[in-house]
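> build me a structure from this.
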Amino acid sequence: MSLDLDSEKITIACPQCSVDFEETISRLKFEPKLCCPHCKHPLGVNLLELHIVLESVKKSSDDLLKKLVGRPNSEN
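So this is what the prediction gives:
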């Protein structure tokens, strides 16, 4: 079972005006260039960094799921 984070939203703080706004991970993956909805300052997403973080989150969630579900006891 793999975690799908594409529909999740993350909060982005505009470096120009400091207004927070949300974008879905899917949009950031496919359209990494965006503008602040408040001041229209152009922003870019580092796709390599985004993919590295997403893979790390997926691995951590898979590891946690394995621990929660547990493995069958081989002694029985």
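
> buried set for stretch 51-63?
Buried residues in stretch 51-63, counted by 16 or more other CB atoms under 10 Å: residue 54. C-beta coordinates here come from the backbone N, C-alpha and C atoms, glycine included.

> how far off centre is it?
The chain centroid and the centroid of stretch 51-63 are separated by 9 Å under CA atoms, centre = their mean, to the nearest Å.

> begin at 35 from now on, thanks
Fine by me, first position is 35 from now on; the one you just mentioned is stretch 85-97.

> tell me the mean pLDDT for it?
Stretch 85-97 comes out with an average pLDDT of 91.

> would you map the strands across this structure?
For the chain, the strands defined by DSSP state E cover 43-47, 54-58, 67-69, 76-78.

> residues in contact with the last one?
By that I understand strand 76-78. The contact list for strand 76-78 (CB atoms under 8 Å, 6 or more residues apart in numbering) reads 46, 48-49, 66-70.

> can we see that at 7 Å?
48, 66-70 (CB atoms under 7 Å, 6 or more residues apart in numbering).

> remind me which residues of this structure are low pLDDT?
Applying pLDDT under 70 to the chain flags residues 35-36, 105-110.

> which one of the contacts of strand 76-78 is nearest residue 104?
residue 66 (39.2 Å; CB to CB).

> so residue 79 versus residue 97, what's the distance?
The gap separating residue 79 from residue 97 is 26 Å, by CB to CB, to the nearest Å.

> residue 45 reaches residue 58, doesn't it?
No: assessed by CB atoms under 7 Å, residue 45 is found out of contact with residue 58, at 11.5 Å.

> the helices in this structure, which residues?
With helices called from DSSP state H, the chain shows them at 59-64, 81-103.

> could I get the ones you listed as JSON lines with distance to residue 40?
Output for the helices of the chain, formatted as JSON lines (distance: least, CB to CB, whole Å):
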{"stretch": "helix 59-64", "distance to residue 40": "4"}
{"stretch": "helix 81-103", "distance to residue 40": "9"}
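
> between the ones you listed, which gets nearest to residue 53?
Taking the helices of the chain one by one with CB to CB, helix 59-64 is closest: 17.2 Å.

> cool, thanks, signing off.
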